[in-house]
Each structure stands twice: as structure tokens, then as C-alpha cells.
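# Generate coordinates for the sequence data below:
(one chain, ligands or ions: 3)
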Amino acid sequence: PKYVYRFSEGDKDQKDLLGGKGANLAEMTRLGLPVPPGFTITTDACRAYLKDGQAPDELAVEVTTALRQVEEELGRELGAAHDPLLVSVRSGAKFSMPGMMETVLNIGLNDASVVGLAEASGDPRFAWDSYRRLIQMFGKTVLDVDGEHFSRALEAKKAERGVALDYELDVDALTELVGEYKTIVFEHAGIDFPQDPRAQLDLATEAVFRSWNTERAHIYRRREKIPHDLGTAVNICTMVFGNMGETSGTGVCFTRDPSTGRSGVYGDYLVNAQGEDVVAGIRNTLSLADLERLDKNSYDDLRAAMRKLETHYRDLCDIEFTIERGKLWLLQTRVGKRTAAAAFRVATQLVDERLITMDEALTRVTGDQLNQLMFPQFDADHSARAHDLLTRAMPASPGAAVGYIAFNNAEAVARAEAGESVVLVRRETNPDDLPGMVAAVGVLTARGGKTSHAAVVARGMGKTCVVGADELDVDAEAGTLRVHGREDLVLTSADVIAIDGQTGEVFLGDVPVTDSPVMTYLRRGLAEALDTAGDVDTRELVTSVDRLMRHADKVRRLEVRANADTPDDARHAIHRGAEGVGLCRTEHMFLGERKQFVQNLILAASDEERESALDALLPLQKDDFVQMFETMNGKPMTVRLIDPPLHEFLPDLTELSVKIAVDRVSGGADPADEKLLAVVRRQHEANPMLGLRGVRLLLSMPGLIELQVRAIANAAVERLRAGGDPRPEIMIPLVGSVRELQIARERAEAVLREVSEQSGYTLDFPIGCMIELPRAAVSADTIAEEADFFSFGTNDLTQTTWGFSRDDVEGTFFKIYLDEGVFGVSPFETIDERGVGRMVEIGVERSRTTKPSLKLGVCGEHGGDPESIDFFHRVGLTYVSCSPFRVPVARLEAGRAAI
Ligand code: ADP
Ligand code: MG
Ligand code: MG
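Residues are numbered from 1 along each chain as shown. Ligands and ions are numbered 1, 2, ... in the order given. Okay, the predicted model is just below:
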């Protein structure tokens, strides 16, 4: 292959081969912008070097040819004794990895050419300063000499000369320093600093290749999900000098403000400095307005270049530039990183400037960015300085929450009902903590990771959550919270804490929180958001979000529904744009005080006892449904019949045994308890996730389906009588065989028919099932015969396809699996396309052979995950259903998927 491309040969689409920096240098060259001549060594060469431990033979030859061309063009030679050409050797991978890899400037200087540079520039101080920089950088990055040695020598020299700043050292001092640096190199690297310019270039190139494999580069790539086998390109670029006196300088600029998205250029400039000085933040920088005053010509050239680049890339660009004695040079550009707010604003600004279409604008923003804009915020300065930081743990679900500490559910619920804000603080949470989590404004746990129960549930609810705060001792019994290393501090439920779900910080005391402007928009609409917006920036942001959301709604093909069990959830969902409820779980209709009736049902010895238990539940459930139908009036609502394992409605085995034992001692246990204990023992399951639940429970408990369907039907009739428009869809969970669905369906239809006849209303609600078992997916063609719709339950489908249960694995081997790359990301967060996703695909394909237009949805965690939504779009589902809080994200992502 060809290993070397001159800047004039490549273009911006060759990032795989030339790296991001190289591809964009080439593009700028093609655009006729002032880029110092140079060439790029490809990532192919890097991969070959890393594989064989040496560069391919052809590389040296191709480098010579390219270098000679540059030399001819400029009429100078690399490292010549007279007016030498100098170059930089710069890393540049496909994806930018800031600060991870190496760059060496001033290659070509040696004991002879430094004199030539001094003469040619007429500035000996500059020449010797450049030489000492080269030895320092080369020593560190190529020869692995500890940078400390150089900095120490530099500091000593400044002290000796009585100056404070690097650039105050004069030629003599710098000449001495060069000598000392060379000694350092010899002592620590065991070789002389190479005087041969070409040897410098080749050694630096190989050092850049090697920097791909440093440990920090590996860690960075793992975190950013960048593959390890890409390799880096190397750019050889003629040096231009920002450190040639007062008419020179170097800077970085953006074509728009990357932090607010404000239009108008933005940047930093340093007079008389070389590139790395800006980043190092050694001196205070000037603004571009200052540059305009200092050097109008260069400023005008820069503005023209920025405009050209933005027009060309049709996006916000960032640019590295250097001015050498009044002449502008561009050293780097790329489509710039930006905050979430800037992403939205810039996208619509570009539409208004007719640079991109609305479709393109939609591809420039993401659901994650929208999500970031939705969370409540701590007021601007909540840094550790301003407040008492207790600990920093793992941020699990973003947002900002402040409240009194609540150590248990009952406390959280009671205090929330009394109007207090509470943060639920637990060692860890489990499904029993749900009411407390719902009541609390935030959740803090001492144990568990990003996929622990607390984290997953909190994310689903859009509740701020910090987990794994292992410096905290939570004693729920005593009602105390202690912090390691702060012996004097004992917090109780009378104390207020603040948790930051973005940073994982936990503060003592109140930190002011506000609703984000985008949240106000989503909750209360554009007009109100604009009214309450404090400034122009906020108004523009809210308007951008509105325009992009409306466009997403226009182009998307996936419908977006919400998972909502209560009228409150349903209202939240509708306000955020949900078109229906894709999953209304009915478990909660059996909990609380109603548990007693369920226990009666389980214990029923006779038909009469059973009937009376069912009769007690019926009106209660009917009322639940009436409220839901009222809220969801005219919109579809998928009701899932009862799903969880039976034991969840029964007392805990140990607790009940203890109670009975205690009662016996103090005069005899309740016979009802004894009876219950026998049932609890009998129902105890080793593996409840795979036990008596879902359709299995429905088919084995007489009267259960009938109860639920009757409650739905009666509620629907009540709504119809009141002029409402209830649209329930009845969904059977955990079906594996068509026969299960058939039985459930017959029994449900019998009830619907009966209520229809009694009431005179036609109740022919769709009846469908969840597809959440591999058997259901692969036999979807058969099951489809009995179904009016399917909903893929990808949480359970992930568990059953992989054969592990979420609650059991996340604290154990998941971390190892993530580290070792078994998963790139938890399959509970983003659908595992190759495995679980394949199951979904098979289910879709097979079901459509039976019923081509069968309505297919998905419910569960994945319905609100951006990457998963894209997948669901591609496989052709009808809708996704996600938590109410994620609905806007899902709408946006469904729009993006359709483009
Ligand atoms: P990074 O990717 O870390 O920004 P660069 O390769 O862009 O590394 O270089 C580091 C610094 O050196 C930047 O400020 C860049 O502008 C400057 N630089 C690189 N090459 C040259 C050159 N040929 N002339 C002048 N400055 C350069
Ligand atoms: Mg750079
Ligand atoms: Mg399920």
C-alpha cells in the first residue's frame, strides 16, 4: 500500500487512513487555506509497525520523496546548516484522543542548524529556545526521559539568572541550558541526542506509533469505546513560529461558542508563543477582539478562513492557528465538540442560515444531549469550595436533588406526603424500596454500581441517583449516616443533603436547585418556557429544542408510548408527548392493603371463599382502570395482566416463621398464620424468575384472568357511559406457547362477551401477548395466530436469552465482563443486537409471515435507549414504550432513526 500522502493529496473523508487531523489538514490544503506544507503517514504504516515491531521498508523511501517535495517547494532543507527547514511530527488518530498521544515540534534542529536558524530569523534567542524545546520534547516522548529532569534544570536556570518566566531567559542562558539538556539525555537515555535531522524525524515517527499503545491511551479508548486496532496516523508538518517576537503568536478559535452555542466567533490568542503554551495555560490569553486590534490583517484572514471552513463543513469548527511575523497559518481544524445546549442551538442556527436542512439538523443532536438538558440543575456555583462535600461516588442518574435524609420507605413516603423533600439513603435498594424511591427526590446508596437496582430504577424514573458511596456508613436501624474520616459527624434524618447525579458528589446542607428551561418547555409548553426564560440564550435554546422536537415528530415512523401504571405517570407521559401507554402493569393493584385479599385468594379452601376474595378485589381494580382510562382518553393503553411470582404477594418465609415462633411463646399463634406458613413453604421457589409467574400464574389461579378482564371491561363500560373513549389492549405476559395464549384468550373473550351483552356496548378489545422468552420469539409465527399484537419485553428477553438474572449478576461478574469486553455496554442498558436483538428480529420476521400487519411494540428499559431505538426502527417495529420521563428522548431518537 501507499504509506505517505501529501497534504495536497488527501481529503476529509479519509479519516480511517489519515486520521482526523491529517484528513482535515488535507481538506484545508485543498480549500486553498494557508496550511504549512507537509504530509501524512497512514494508519496502515502504524498498524504494520505495531505488528512487526518495525516500520515497513517502503515507508523510509516514501517519506524521502514526500520530504524532498516539501523541501523543493520551500527552497529549504530539513535541518540544513543554512536557513533550515524544521517540521513537527504530530499524532492524529481517527477519533480525537486529546492529550493521549505525542507531538514533537522543531524537528531538524541540531548544533549546526540552530546557528542557521538564528541567522535566518535574525533572532538567536528564538533559535536557542526552539532547540531547547526540541531536546526537551524529544527526550521525553521519544527517549523516555522523565520530564522532571528538564523542568528542574529549567527552574534552576531561571533561579540562577534571577528571572521568573521562561521567555525572560537570554541567549546565553538558553545556550547553556541546551548543553545541560544534552547531558540529561545522555545520562538517562544512554545515547547522545541525535544530531541527524532525518534520524530525529524517523525516531519521532516511531515514538508516535508507539504512543498508540500506552496504558493511558488504552484506558481512554476503553472508556470512549474506540477500537484498539485502528492505530494512529503521523503528520509531518513544516514548522511555523508563533514565538518569533511581538508580531507572532498562536491561538485556538471556534466558529461559534461551543459552550453556549451563541453565534459569533470565539477564541484565545497568545502573543509570542508556541502552540503548547496555550494549552498549558501558562500565561493569560487575549481574545480575538484583542487580536483584531493588534494585527488587523491577520485577524481578517482568520475570520475569512473561519467562514470558509464553516461553510465547507457546514458545522461549528474549531481551529488551531499560528501567526508568524504577521502571516497567518492554520495548523488544525475539526468539527468542534460542544455542550448539549450548543448542539441544539447551532443546529437550528445553521438551518436558518440555509447551510443545512432540518433533517440534517436532527442528525446533529442526540437523545443523550436532550436528556442532559432535561435534568434539574444545581445553581451555577455548587463546587466543593462553596459547599461541604461529604464524598464523591458514582453518578448513576443525572440531576440535582436536595432533601432530608430518609433511611427507609415508610419514612420517605410519610415525609413526602407531608410535603417535605427527602433523599432516600440506603445501603442498597431492592424492589421493596420502590415506594420510597418514588416518594424521594433522589436516591443515594452506599453499595452497588451503575447497573445496581437503585441505579436502573432511578434512571427509569428520571430520578437523581448516586450509588456506591462506600465512604458512607448507613445504619438504617439507628437512623444514622457517618462519613469515613469525619469522626465528629453523625447525620440523622434531621439533616439535609444534596446529591449531584452528574458528578456523583454528595454535599451536606442545602444547595439551590432549579428546573431546567428545557424541562419547563416539555412540561408546560413553549409559550410558558419562553416567558420564564431569563435571557436570550435560554430563549434561543428552548426554541431550538421545540423546532427539532417537532421535526422529529414529523419524520419518525415509530410511535412513542410510555410505561405508566398510575394516572400520574400517564399524565406525565402525555405532557411529554406520549401517544399511548405501551405497558400498564397491574401488580400494584394487588399490593398494599389489597395483599390481604390476595392471600385470601391463595388460601381459599372453597369456591365461596375464592369468590369472595375476588369480589373484594373487583371494584377496587375497576376504579383503578376507570382513572387510567379517563387520563388516557382516546389513546391506546396496553394493560398487562398480572406478571410477578406469587411469593411477592405472600409474607417473607423467615419473617413469618419468626412471628409464629414468638406468638407461640406468648400464648399461641394465630391459626390463620399457621395456614399461611404452610402455603408460603409450598410456594417457595428456588428460582422465582423462572417459576410460577406470568401466564403460568394466570392459568393456574382460577378466576384471576376473569377478575382482571372483568375489571377492565366494567371500567370501560363506565367510561363509555360517561361519554369517554377507553382503548384498552389486553396483554398476556410470559407466553411461550400458542396454547397458553389460546386458553388465556378464550377466557378473556368470554368475560368481554358477557359484559358486552349485559351492557349493550361492544367490547372487542385487542388481545395480545408479550414476547419475552426465546421460545416465543422463534415460534412467533404460530403464536401470532392467536394474537392481535405483540410487545417485546426486552428486559426478560435479555435475561432469558443470556440465562442470567439482572438482580443477581450486576454486582458480581458484570464489571469483569465489561472490562474484558464480553459486553461493550450492559445488555440491560442497550439491546444486545447480535443475540437478544436477533431474537427480536426473528420474532418480527416470523410473526409477519402469519400476520403481515401485526402491531409490534417493545416495552422495557430499552424502549428509551437511543441506540436500541435505532435498532427497533430498523427491524420495523410499530412503537417503542418507555418510562414517561424518557418519552421526549425516544421521540427525538425515533426521528433521528428515520433519517
Ligand atoms: P494535539 O493533537 O495534542 O493538539 P498537535 O499535533 O495539534 O497536538 O500539536 C500540539 C501543538 O503544537 C498545537 O498547539 C499545534 O498547533 C502546535 N503545532 C503542531 N505542529 C506545528 C507546526 N508545524 N508549527 C507550529 N505549531 C505547531
Ligand atoms: Mg492540536
Ligand atoms: Mg417480563
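# Going by secondary structure, residue 92 is in what exactly?
In this assignment (DSSP states H and E), residue 92 forms part of strand 87-93.
# That strand pairs with which strands, and in what direction?
strand 103-107 (antiparallel), strand 232-238 (antiparallel) (DSSP bridges).
# ok, that strand near ligand 1 or not?
Yes: interface with ligand 1: strand 87-93 contributes 88, 90 (Cβ under 6 Å from any ligand atom). (Glycine included, C-beta is placed from N, CA and C.)
# Sort out which residues of stretch 790-806 are buried, please.
For stretch 790-806, the neighbour count (16 or more other Cβ atoms under 10 Å) marks 790-802, 804, 806 as buried.
# cool, stretch 57-74 as well?
Buried positions in stretch 57-74, judged by neighbour count with 16+ other Cβ under 10 Å: 59, 62, 63, 66, 67, 70, 71.
# so what's the residue in the chain that ligand 1 sits nearest to up against?
For the chain, the residue closest to ligand 1 is residue 275, as judged by Cβ to the nearest ligand atom, at 2.3 Å. By Cβ atoms under 8 Å, 6 or more residues apart in numbering, the contact set of residue 275 is 105, 242, 250, 320, 322, 331.
# what's the closest of those residues to residue 521?
Distance to residue 521, by Cβ to Cβ, is smallest for residue 320 among the contacts of residue 275, at 36.5 Å.
# From the chain's centroid, how far away is the strand or helix carrying the closest one?
Element membership for residue 320, per DSSP H and E: strand 317-324. Distance of strand 317-324 from the chain centroid (Cα atoms, centre = their mean, to the nearest Å) equals 31 Å.
# Quick check: mean pLDDT of that strand?
If you average the pLDDT over strand 317-324, you get 94.
# who wins for proximity to residue 26 among the strands paired with strand 87-93?
In terms of Cβ to Cβ, the element of those nearest to residue 26 is strand 232-238, at 9.6 Å.
# Now do the helix or strand following the closest one, average pLDDT.
Next along the chain after strand 232-238, taking DSSP H and E as the criterion, comes strand 249-256. The average pLDDT for strand 249-256 rounds to 92.
# List the neighbouring strands of whichever helix or strand comes after strand 249-256 plus their orientation.
Downstream of strand 249-256, the first helix or strand assigned by DSSP H and E is strand 263-271. Listed by DSSP bridges, the sheet partners of strand 263-271 and their directions read strand 249-256 (antiparallel), strand 286-287 (antiparallel).
# Now do the first one against strand 317-324, angle only.
What it means is strand 249-256. If you take axes from the mean of the first three to the mean of the last three Cα atoms, to 10 degrees, strand 249-256 sits at 160 degrees to strand 317-324.
# got the contact list for strand 249-256?
Residues outside strand 249-256 that contact it (Cβ under 8 Å, 6+ apart): 242-243, 262-275, 277-278, 285, 288, 291, 302, 306-307, 309-310, 316-323, 336, 342, 346, 349.
# Among those, name the buried ones.
242-243, 262-263, 265-275, 277-278, 285, 288, 291, 302, 306, 309-310, 316-323, 336, 342, 346, 349.
# Would you mind measuring from residue 266 to residue 288?
Relative to residue 288, residue 266 is positioned 7 Å away (Cβ to Cβ, to the nearest Å).
# List the contacts of the closest residue to ligand 3 within the stretch 701-850 of the chain.
Taking Cβ to the ion, ligand 3 has its nearest neighbour within the stretch 701-850 of the chain at residue 796, 3.5 Å off. Applying Cβ under 8 Å, 6+ apart, one finds that residue 796 lies in contact with 734, 770, 772, 773, 860.
# Local confidence estimate at it?
Predicted confidence (pLDDT) for residue 796: 95.
# low pLDDT regions in the stretch 301-450 of the chain?
Applying pLDDT under 70 to the stretch 301-450 of the chain flags residues 379-386, 450.
# In it, what residue spans correspond to helices?
Here the stretch 301-450 of the chain has its helices, by DSSP state H, counting those that start in this stretch, at 340-352, 358-363, 367-374, 409-417, 434-439.
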